[in-house]
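Trainee: My questions are about this predicted structure, shown below with the sequence.
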Amino acid sequence: MLIAFNKPFGVLSQFTARESSHRTLAEFSFPPNVYPIGRLDWDSEGLLLLTDEKELIAGFLEPRFAHPRTYWVQVEGIPSTDALKQLSSGVEIQGKRTLPCKASILHPQPQIADRTPPIRFRKNIPTYWISIELVEGRNRQVRRMTACMGHPTLRLIRVEIGRFQANQILVGTWKILSPDEQAFVLSKF
């Protein structure tokens, strides 16, 4: 079974919390014995996959399968072409270089509903949405990459895994994927 969940902001990608103040996956009534494939940090939003097939989890997380994940990232400031090229070729974070990725400005800029709580607003510093497609998933990688190029991440939404898009599911809801939908997710296997 493969489940796609459009994770809201402020939810941990696990079923139990270390602190009772954190929301977890437990409140969304998933079928028993499913586990998240990878994770999204509590302050990130968007597509999260869950499965009851352990071998699928290992395959998804293995970088050699080059399984693409696309993020829309709202950053502080407007990144230059050079900054995006630097990001695309890989940057060094925590002493290790990231794999090359695809990074671009989103044209037109997406109209996305405000988040609760809203992102910080600075009157004299614009924000801009960029798209980043990765095939690896290190801890807080996208946030560290954008900070490295001088544009801190304000909001992070995973919009696609493989070719399956999060906009097919309302925020805070999930669905068991049909065989055809699974083919979009598993297109690299």
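Mentor: Thanks, I have it. Numbers count the residues shown, from 1 in each chain.

Trainee: Make sure I have this right: residue 180 is in a helix.
Mentor: Yes - judged by DSSP: H, G, I helix; E, B strand; the rest coil, residue 180 forms part of a helix.

Trainee: Can you report how many residues neighbour it?
Mentor: If you count neighbours by other C-beta atoms under 10 Å, residue 180 ends up with 7. Placement of C-beta: from N, CA and C, glycine included.

Trainee: Quick check: it vs residue 50, distance?
Mentor: Residue 180 sits 19 Å away from residue 50, taking C-beta to C-beta, to the nearest Å as the criterion.

Trainee: for residue 128, same thing?
Mentor: In this view, residue 128 and residue 50 are 32 Å apart by C-beta to C-beta.

Trainee: Comparing the two, which residue is more hemmed in?
Mentor: Counting neighbours by other C-beta under 10 Å for residue 128 and for residue 50 shows that residue 50 has the greater number, 22 against 16.

Trainee: which residues in the protein form helices?
Mentor: With helices called from DSSP state H, the chain shows them at 54-61, 81-89, 141-148, 179-185.

Trainee: Might you report the residue contacts of the residue nearest the centre of the chain?
Mentor: The centroid of the chain falls nearest to residue 158 when counting by C-alpha atoms, centre = their mean (3.1 Å). By C-beta atoms under 8 Å, 6 or more residues apart in numbering, the residues touching residue 158 are 40, 44-48, 69-71, 166.

Trainee: OK, contacts around residue 23?
Mentor: Counting by C-beta under 8 Å, 6+ apart, residue 23 has contacts 10-12, 17, 42.
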